[in-house]
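Chemist: Quick check, what structure comes out for this input:
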Amino acid sequence: MPKAVFVLTDTIYKWKPPFGKDVSTKEVEAEEGQLFDELQKEGSVFRLLKCDGSRALVEFSEKFTLKGHEHPRNRQIWVGMLEATDFTYLWGNDGITKSLKLKEIMQ
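Modeler: Residues are numbered from 1 along each chain as shown. I've put the predicted structure just below:
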């Protein structure tokens, strides 16, 4: 079964003094159909639906929106290797942006 390796960057914006931000980056591996990247209290953020050449079809949680887009009804997006796709979560004690970029697809 095909697997995808993603580079996932989490940026957490503190909404209370001292108003800082924390940035962390990790690699995440997922098989088609697998959930990945758990958010405490909200469950899984992403599900890898399909690998296709140099891109991956990812479904994202209804708690997140595509950064720069107005609340799309379609919760699926193709993530490629060239540039990161940003997702925003605004419902917690802090603001969270998750940046997802495809690193490789393994057969």
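Chemist: Now do residue 80 against residue 17, distance only.
Modeler: As judged by C-beta to C-beta, to the nearest Å, residue 80 and residue 17 stand 38 Å apart. Placement of C-beta: from N, CA and C, glycine included.
Chemist: Of the two, which one has the most company?
Modeler: residue 80 (14 against 6; other C-beta atoms under 10 Å).
Chemist: Quick check: which helices or strands does the least confident helix or strand in the chain by mean pLDDT pack against?
Modeler: Ranked by mean pLDDT, DSSP states H and E, the helix or strand of the chain with the weakest confidence is strand 65-66, at a mean of 89. Judged by 3 or more C-beta pairs under 8 Å, 6 or more residues apart in numbering; DSSP states H and E, the packing partners of strand 65-66 are strand 85-89.
Chemist: same question for the strand it packs on, mean pLDDT?
Modeler: Mean per-residue pLDDT for strand 85-89: 93.
Chemist: Output it as PDB, restricted to C-alpha atoms.
Modeler: Extracted as PDB, the C-alpha positions of strand 85-89 are listed here (Å, rounded to 0.1, in the frame of the first residue of the first chain):
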ATOM      1  CA  THR A  85      -0.500  24.000   2.300                       C
ATOM      2  CA  ASP A  86      -1.600  26.000   5.400                       C
ATOM      3  CA  PHE A  87      -4.500  25.100   7.700                       C
ATOM      4  CA  THR A  88      -5.800  27.300  10.600                       C
ATOM      5  CA  TYR A  89      -7.500  26.500  13.800                       C
END
